[in-house]
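Undergrad: next comes the sequence, and after it the predicted model I'd like to discuss.
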Amino acid sequence: MSHADLLNPVYVALDTPNLKQAEKLASTLQPYVGGIKLGLEFFMAHGRYGVEAIADKGLPIFLDLKFHDIPNTVASAVKAFFQASSCAPAIMTVHAAGGEAMMRAAKQAADKGTKIVGVTILTSLDQSDLGAIGMTGTPSSQVAKLANLARRAGLDGIVCSGAEVEEVYKEWRDGFFVVPGVRPIDTVVGDQKRVCTPSEALARGASVLVIGRPITQAEAPLEVASAIAKQLRHK
């Protein structure tokens, strides 16, 4: 699935423990984004009930919990969510570093309609960070290795920065590529280190763009989301 298959590839990250604020943003932004990303902060505050409440706003959900444990534990956790929740997320994440068996178990435990993608190298990490945790390769080489592992495990795709997605897309044409750390021109980078603009990410092969703070912390979130959507429609 390529970005051409999506009417709007932008998933806005609602990383807040405030459910009312998240619901308000989801309703307000609904016409201008393609989906909602909910991560650990939101899930720890509200669990599956919060996920269901946001899903009721009518947008696909990207549940970004980045599971990383032994295969049985991850499979059981994924299965438990689907058995307990009335909401089947469009996308869920596991850490690709968890290994092939873990990723395969997660995919097999998930609902057939949910894409399971492997998180490769976080966009908050750069070359020096990788060296500090014992990784000798470059971010690009590590992403390529983990992408191959995820593909062998039967995952739908991976999560990687805009700096690596082009090379991975060349090797995995039918992969589904989630690109976080996306920053519109003239916005603050924050704690992200490997970033790109929405247009750059799509041109390189991204399927989904994750944009959080540039929209949610803007003085006028609706205007920012609308401007991004308009820009992408003209590409």
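TA: Everything's here; your move. Residues are numbered from 1 along each chain as shown.

Undergrad: drop to CA atoms for contacts and neighbour counts, all remaining ones
TA: Fine.

Undergrad: give me the pLDDT value at A84.
TA: Looking at A84, its pLDDT stands at 95.

Undergrad: list the residues that contact it.
TA: R48 (CA atoms under 8 Å, 6 or more residues apart in numbering).

Undergrad: from Y169, how far off is it?
TA: 35 Å (CA to CA, to the nearest Å).

Undergrad: now the helices for this structure?
TA: 19-29, 40-55, 71-84, 100-109, 127-132, 139-152, 165-171, 198-203, 213-216, 221-233 (DSSP state H).

Undergrad: which one, of those, ends up nearest to I91?
TA: Proximity to I91, assessed across these by CA to CA, is greatest for helix 100-109 (11.2 Å).

Undergrad: and the residue nearest the centre of the chain, bridged to which residues?
TA: The centroid of the chain falls nearest to V178 when counting by CA atoms, centre = their mean (5.0 Å). Following DSSP bridges, V178 is listed with bridge partners V159, V208.

Undergrad: just checking, it touches G205?
TA: No - in this structure V178 lies outside contact range of G205 using CA atoms under 8 Å: 9.6 Å.

Undergrad: any buried residues in the helix or strand of the chain with the lowest mean pLDDT, and which?
TA: The least trusted helix or strand in the chain, going by mean pLDDT, DSSP states H and E, turns out to be helix 127-132, with a mean of 82. Neighbour-count burial for helix 127-132, with 16 or more other CA atoms under 10 Å as criterion, is recorded at L130.

Undergrad: noted, bye for now.
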